[in-house]
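A.B. asks: Structure of the sequence below:
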Amino acid sequence: MKRNTGSGTIAALILTVIFGAALLLSIASGASVYRHVADRVETGSRQRVGLSYITAKIHGSDETDSVHVGKFGNTDALFISLVEDGDEYENVIYVYNGYLMELLCEDAEGFGPEDGEIINEAVSLNIDEPVPSLLRFIYTDESGTVEAADVYLRSGGR
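C.D. replies: Predicted coordinates:
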């Protein structure tokens with residue numbers, strides 16, 4: 001007796017096509033989930049960059065009379081005094097024209113807010129010193145998320 005092998009071949013081909021289609025759908029679904037998670041991680045890290053950057057700068061430079069708050073242009077600014085190879089520099093951190101900016105110079109008096117380097121997108125940075133040696137930052141990122149941080153100056157500040 002001869003068997004009809006044509007129907008077996010067609011059945012195997014149909015199963016292979018179904019398996020391939022299922023595999024492609026699962027890969028596409030996984031890529032979509034990965035893209036969504038990656039976007040959330042990027043958004044979250046962008047939102048945390050501003051305050052994290054500022055507090056890290058303060059903690060790295062917290063020495064007596066090295067950190068103070070003032071105005072740079074028309075905006076609140078954090079001034080950090082640094083000494084490198086015997087030369088004194090001033091590091092100014094502020095928000096200008098939609099960006100968190102940083103300016104490193106010998107004397108900030110000769111510079112304007114537009115002269116700084118862009119750190120991150122931002123809307124505003126408000127800095128207050130409610131009690132001596134305690135700095136309060138209220139930072140608004142580009143998406144409108146408002147974050148606040150209190151940083152205590154161990155050195156006592158200015």
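A.B. asks: Give me the below-cutoff pLDDT ranges for the chain.
C.D. replies: Scanning the chain for pLDDT under 70 picks out the ranges 1-6, 43-47, 156-158.
A.B. asks: if you go through it in chain order, where are the strands?
C.D. replies: Along the chain, the segments classed as strands by DSSP state E run 67-72, 75-84, 87-96, 99-105, 117-131, 134-141, 146-152.
A.B. asks: Adding mean neighbour count, write these out as CSV.
C.D. replies: No exception for glycine: its C-beta is placed from N, CA and C like everyone else's. Output for these, formatted as CSV (neighbours: other Cβ atoms under 10 Å):
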stretch, mean neighbour count
strand 67-72, 17
strand 75-84, 17
strand 87-96, 18
strand 99-105, 20
strand 117-131, 15
strand 134-141, 19
strand 146-152, 14
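A.B. asks: Distance to residue 37 added to those strands, as JSON lines?
C.D. replies: Listed next are the strands of the chain as JSON lines, based on distance: least, Cβ to Cβ, whole Å:
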{"stretch": "strand 67-72", "distance to residue 37": "38"}
{"stretch": "strand 75-84", "distance to residue 37": "34"}
{"stretch": "strand 87-96", "distance to residue 37": "30"}
{"stretch": "strand 99-105", "distance to residue 37": "26"}
{"stretch": "strand 117-131", "distance to residue 37": "22"}
{"stretch": "strand 134-141", "distance to residue 37": "20"}
{"stretch": "strand 146-152", "distance to residue 37": "22"}
